[in-house]
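1. Below are the sequence and a predicted model for it; my questions follow.
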Amino acid sequence: MDALTETANSLTDIRTINGRDRRSVAWILDEGFTGIYRIHAQYKLKRVDVVRVAGVAGEDAGLIMIQRLEPHIGYVYYIAVARKHRHHGIGGMLLDDAIEMMKEEGMREVYAVRDEGNIGSQKLFESRQFETLEISEFSERFGWRRAMSLKRRMTLVSGEVLLRRSLLTA
């Protein structure tokens, strides 16, 4: 049995955590991010709509932060996996779980951003049928004013790539 299979078999749960319980997983963000991304992730941990945490063998292994931007639009703020659990499919399991949750809640599309140089993030999102969306396409899709409002809520900054996936197919 390979390490990925062992991890998948020992995944005990993916659960939602709320309120003060969110502080208990802040260390995962500390391991996953540096600089302004760490500060922003810690800030969003307290304020985002949903935080889902993956447990492996009774231990918190990773988390995903999800926000509803509009009634039919979801957004993935951050995915972080603890160092010792990386490269075992935890990030993918969290993203799959989030996609299913958003579909069940009636969302039609989901957005995310990734740093231009983050190849691991690029591969993860591409493997889940996310496509790169140019800012000009985003503005055409929503109109300038609405696009600006959505981008501000996403905290989209220079050097990041906007990603989109329809939840109506596949």
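-> Looks like it came in fine. Bear in mind that the values here come from a model prediction, so they are computed numbers and not experimental data.

2. Please report the distance of residue 50 from residue 147.
-> Taking C-beta to C-beta, to the nearest Å as the measure, residue 50 and residue 147 are separated by 24 Å. C-beta here means a position set from N, CA and C on the backbone, and glycine is covered the same way.

3. what does residue 96 give?
-> Between residue 96 and residue 147 the distance, using C-beta to C-beta, works out to 28 Å.

4. Next: residue 13.
-> For residue 13, the distance to residue 147 (C-beta to C-beta) stands at 37 Å.

5. Residue 60 now?
-> From residue 60 over to residue 147 (counting by C-beta to C-beta), the distance is 36 Å.

6. try residue 80
-> If you measure residue 80 against residue 147 using C-beta to C-beta, the figure is 27 Å.

7. Only alpha carbons, please: show whichever helix in the chain runs longest as PDB.
-> Across the chain, the longest stretch assigned as helix under DSSP state H is helix 90-104. What follows is the C-alpha trace of helix 90-104 in PDB, where atoms were taken according to Å, rounded to 0.1, in the frame of the first residue of the first chain:
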ATOM      1  CA  ILE A  90      -5.100  16.000   1.700                       C
ATOM      2  CA  GLY A  91      -5.300  19.300  -0.300                       C
ATOM      3  CA  GLY A  92      -7.200  17.500  -3.100                       C
ATOM      4  CA  MET A  93      -9.600  15.800  -0.600                       C
ATOM      5  CA  LEU A  94     -10.300  19.200   1.000                       C
ATOM      6  CA  LEU A  95     -10.900  20.900  -2.300                       C
ATOM      7  CA  ASP A  96     -13.200  18.000  -3.500                       C
ATOM      8  CA  ASP A  97     -15.100  18.200  -0.300                       C
ATOM      9  CA  ALA A  98     -15.500  22.000  -0.700                       C
ATOM     10  CA  ILE A  99     -16.700  21.700  -4.300                       C
ATOM     11  CA  GLU A 100     -19.300  19.100  -3.200                       C
ATOM     12  CA  MET A 101     -20.500  21.300  -0.300                       C
ATOM     13  CA  MET A 102     -20.800  24.400  -2.600                       C
ATOM     14  CA  LYS A 103     -22.800  22.300  -5.200                       C
ATOM     15  CA  GLU A 104     -25.100  21.100  -2.500                       C
END
